[in-house]
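Engineer: Need coordinates for the following:
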Amino acid sequence: MSTLRRQAPWALPLVSLVIVAAFLFPLYWLIVTSFKSEAEIFQTPQTWFPSVIHLESYTDQLSGSSFDILEGFRNSLYIALGALAISTVLAIPAAYGVARFRFAGRHVIVLMFLVTQMLPASLLLTPLFILFKHLGLIGPNYWSTILANATAGIPFSVVILRTYFITLPKELEESAKIDGCGTFSTFTRIMLPIAVPGIVVAMVFSFLFAWGDLIYGMTFIGKESMRPITAGIYNFLGFQSTSWNNTMAFGTVSMLPVALLFIFVQRYIVSGLTNGAVKG
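Structural biologist: Residues are numbered from 1 along each chain as shown. Next up, the predicted model:
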């Protein structure tokens, strides 16, 4: 590798650009297709850019003629913020306890958190439905969907925050205890402010888990007007045909909040991921 870098320093950047282009091409095709007419989408050969830019698919989204996208945004925001709050509040002390305190079975607990990330949502759907039905949470409310998405966000947040808390020097805690701080005061006044980048990373991914949810929102929320933004995709999928330009425009619009979120917090995400990856 070092020899290749000396002989062809342009090779690695070129390969990186090709890989990035391959990953971004579906996003490009999503946006380009949303501006095409139905006839141009199916014409042969395919056009890499619309010959005439059509905005009807976007005006349909904003007019709410097929799906009230603003209502969908509101529902998804309620669900995502609720799941974010629950998973963050529960994951922070749990991750700190697993990272800083030595007790029997702590490695097994971490392993179980990792195993839960491997379980598909469809596997958890039936037991969660039975549980929420007995609790009276199935119906026209957001609670069942918020709690279901929190179950996906909590294990990931614990794993991320645990590795971040481990990297923090223990001398900080020892100095705080010498100054008279107890365990709780040390945690709230010393460790939490330092761990802000890691906490932001956990919050962002918890938000994304809930924002992109479809299966829980469709199953647990019976009232169609309370379903998340992802459920709106079914309004463009017909039995005999699919309105592809409207589908692509809907995907582009629903993706904007996530893109803006990454733009504003990318500094914290990079810092949190790199610091938490030092050791674990």
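Engineer: all contacts plus neighbour counts: C-alpha atoms, from now on.
Structural biologist: Noted.
Engineer: And the host helix or strand of residue 156, what does it pack against?
Structural biologist: Using DSSP states H and E, residue 156 falls within helix 143-167. Packing partners of helix 143-167 (3 or more CA pairs under 8 Å, 6 or more residues apart in numbering; DSSP states H and E): helix 69-100, helix 106-116, helix 196-211, helix 215-220, helix 244-276.
Engineer: repeat that for 10 Å
Structural biologist: Secondary-structure packing of helix 143-167 (3 or more CA pairs under 10 Å, 6 or more residues apart in numbering; DSSP states H and E): helix 69-100, helix 106-116, helix 121-135, helix 192-194, helix 196-211, helix 215-220, helix 244-276.
Engineer: highest average neighbour count across these?
Structural biologist: Among the helices and strands packed on helix 143-167, helix 196-211 has the highest mean neighbour count (mean count of other CA atoms under 10 Å), at a mean of 23.
Engineer: Distance from the helix or strand encompassing residue 14 to the middle of the chain?
Structural biologist: In this structure, residue 14 is located in helix 11-34 according to DSSP H and E. Relative to its parent chain, helix 11-34 has a centroid offset of 21 Å by CA atoms, centre = their mean, to the nearest Å.
Engineer: just stretch 176-184 next, same as before
Structural biologist: Centroid displacement of stretch 176-184 relative to its chain, using CA atoms, centre = their mean, is 36 Å.
Engineer: list the buried ones in that stretch?
Structural biologist: Within stretch 176-184, the residues scored as buried using 16 or more other CA atoms under 10 Å are 176, 181.
Engineer: Dump that stretch to CSV, keeping only the CA atoms.
Structural biologist: Taking Å, rounded to 0.1, in the frame of the first residue of the first chain, the C-alpha atoms of stretch 176-184 are listed here in CSV:
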residue,chain,number,x,y,z
ALA,A,176,-14.0,15.2,42.0
LYS,A,177,-14.3,12.8,44.9
ILE,A,178,-11.3,14.4,46.7
ASP,A,179,-13.1,17.7,46.4
GLY,A,180,-16.1,16.3,48.1
CYS,A,181,-18.4,15.2,45.2
GLY,A,182,-20.4,12.1,45.6
THR,A,183,-21.0,9.5,42.8
PHE,A,184,-24.1,11.3,41.6
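Engineer: Report all helices and strands that the helix holding residue 14 contacts.
Structural biologist: Applying 3+ CA pairs under 10 Å, 6+ apart, one finds that helix 11-34 contacts helix 2-7, helix 38-42, helix 56-63, helix 244-276.
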